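Q: One predicted model, sequence on top.
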Amino acid sequence: MRIRSIVYDFDGVICDSVSVKTEAFAEMYRQYGDDVVEKVVNYHHENGGISRFEKFKYYEKAFFNKVIKESEAREMGDLFSALAMQRVIDAKYIDGAHEFIAQHHSNYLQFICTGTPEVEIQEIARCKGITSFFKAIYGAPQTKYTILTQIMDQYNLQPKEVLFMGDAMTDYNAAKVTGVVFVGLLNEITSFPEGTITISNFKDPKLSRVLRNNL
């Protein structure tokens, strides 16, 4: 069964912007000292792909024993966006990503599936001039499992016809639960279970072999 659709996470997959998000989280908690900042950054690295709102709820409960309301999480998210959004727009692409996406958009149904708020990721894509390469761009509050399931239902796709490219275990787990094909993007903070197909950038020949179902 050949691949008909390619679904991409954004930060760390299309755009080299993971460090931008890390810096924004650190900046928001710097007033509480280096120990808290270190814990915030470590949790962010270990839980890539989870929405910033859920991370804020965790941080406030774990580090300050404070349960915050949804409205408070949204306010913190707005501050985070103010710190990070333009930096993400300005960030470089992962090596070969732009060329790959532009080359394949006419032959595959392409989507973005990210933990970034949907309105925000759509604006980022517009500013980077890549919106036309995708059938749709999805983000939080929907989970990646929900988004992948929705894509398959709406476009009449079987799991093995969908390739999901991600850089975090949340991406890997969403792929496993839905049954879609997964390719992991490696960087200095990512690792995947043994046997996972991984690449460091879009120029890796393994990616072409996955699309041809030769792996």
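A: Good, I have the coordinates. Numbers count the residues shown, from 1 in each chain.
Q: which ones are touching the closest residue to Ser200 other than its chain neighbours?
A: Using CB to CB, 6 or more residues apart in numbering and skipping residues adjacent in sequence, the residue nearest Ser200 is Leu186, 5.1 Å away. Every C-beta, even on glycine, is put in place using the N, C-alpha and C of the backbone. Residues in contact with Leu186 (CB atoms under 8 Å, 6 or more residues apart in numbering) are Asp167, Thr198, Ile199, Ser200.
Q: now, among the residues you listed, which is nearest to Gly139?
A: Asp167 (15.6 Å; CB to CB).
Q: Which residues belonging to the lengthiest strand in the chain are considered buried?
A: Under DSSP state E, the strand in the chain containing the largest number of residues is strand 109-117. For strand 109-117, the neighbour count (16 or more other CB atoms under 10 Å) marks Leu109, Gln110, Phe111, Ile112, Cys113, Thr114, Gly115, Thr116, Pro117 as buried.
Q: With distance to Gln154 and pLDDT as extra columns, can I get those in a markdown table?
A: Shown next, in a markdown table, are these (distance: CB to CB, whole Å; pLDDT from 0 to 100):
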| residue | distance to Gln154 | pLDDT |
| --- | --- | --- |
| Leu109 | 10 | 98 |
| Gln110 | 14 | 99 |
| Phe111 | 10 | 99 |
| Ile112 | 15 | 99 |
| Cys113 | 13 | 98 |
| Thr114 | 18 | 96 |
| Gly115 | 20 | 91 |
| Thr116 | 21 | 93 |
| Pro117 | 21 | 93 |
